[in-house]
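# mind looking at a prediction? Sequence and model below.
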Amino acid sequence: MSRLVLASASPRRRELLGALGVDFEVLPSHIDETPLAGETPFQTQRRVTHDKAATVAASLADPTRDVIACDTTVLLDGEMLNKPADAAEARHMLTRLRGRLHEVRSCVVVARDGVAHASEVSSRVLMRAFSDDEMEAYIATGDPFDKAGSYAVQHPEFKPVMEIRGCPLNVIGLPLCRLRGMLPRAARVRGCVCPLFRPGLPGQSDGAGAAAWLIAGAKT
């Protein structure tokens, strides 16, 4: 039995966690993520992530297993942009994001034996000025509908992002370098801050990760 449990149904998080070379089990939490009255976006994110970890941890027969939960939020002008309900909402979000800088923030929680450790990672993302035709073609693929903010940073045709300032894996949905520090039993990769680090690629303002749009098949 694996010592690690991923409390997420996201295939992108499964692929990213697998890049650490560790064995893990997937047990989604299926909790209600609706914001509570009076909560700020960050308060909602922290509560939801802790609730995900706690719910799955409570279901385990062995309380010493490490439960990993993560929630990634797209923020523009102080507003949380969640997964779009339909094409109209995806179009509205992408139009607002086009050509602008926004924040992508992840909260990561590792729960074990009744104790939860949390960490938060923030990246800044500059979107390119894609055309209406490009946007409509992307929406028609159906890809935006399970993505916070209605986009996948690494989509091979749409390529919506001009620049990432900070960790690109955070933008995809699981900041591995931060998570590795929270998991002492996880495999370590020597000589780089991230197992997917590729120096010299475009779009990195600080050299702190991989070009996310080149990582096939990953995104929250």
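Thanks, I have the structure now.

# what's around the residue nearest to Asp86 when sequence neighbours are not counted, how many residues?
Nearest non-adjacent residue to Asp86, counting by CB to CB, 6 or more residues apart in numbering: Phe145, 8.0 Å away. In short, each C-beta sits where N, CA and C put it, glycine included. Using other CB atoms under 10 Å, Phe145 has 15 other residues around it.

# can I assume Phe145 sits in a helix?
Yes. Under DSSP: H, G, I helix; E, B strand; the rest coil, Phe145 sits within a helix.

# quick check, it in contact with Ala90.
Yes. Look at Phe145 against Ala90 with CB atoms under 8 Å: they come within range, at 6.8 Å.

# and for these two, which residues touch both?
Shared contacts of Phe145 and Ala90 (CB atoms under 8 Å, 6 or more residues apart in numbering): Pro84.

# so who does the residue nearest to Asp86 touch?
Contacts of Phe145 by CB under 8 Å, 6+ apart are Lys83, Pro84, Asp86, Ala90.

# gap between it and Asp23?
Going from Phe145 to Asp23 by CB to CB, to the nearest Å gives 31 Å.

# repeat for Arg3
8 Å.

# give me the more crowded residue out of these two.
The neighbour comparison of Arg3 against Asp23 (other CB under 10 Å) goes to Arg3, with 16 against 11.

# could you find the closest non-adjacent residue to the more buried one?
Counting by CB to CB, 6+ apart, the residue nearest Arg3 is Arg65, at 5.6 Å.

# which strand residues bridge Arg105?
Beta-bridge partners of Arg105, counted by DSSP bridges, are Thr73, Ser122.

# now the residue located most distally from the centre of the chain: phi and psi?
Seen from the C-alpha centroid of the chain, the residue lying at the greatest distance (CA atoms, centre = their mean) is Ala61, 28.0 Å away. Here is the backbone geometry of Ala61 (degrees, to the nearest 10): phi -70, psi -30.

# what does the model give it for pLDDT?
If you check Ala61, the pLDDT there is 93.

# what do you get for Lys219?
Note on Lys219: pLDDT of 34.

# what's the answer for Asp146, then?
Confidence for Asp146, expressed as pLDDT, is 90.

# how far away is it from Val22?
In terms of CB to CB, Asp146 sits 25 Å off from Val22.
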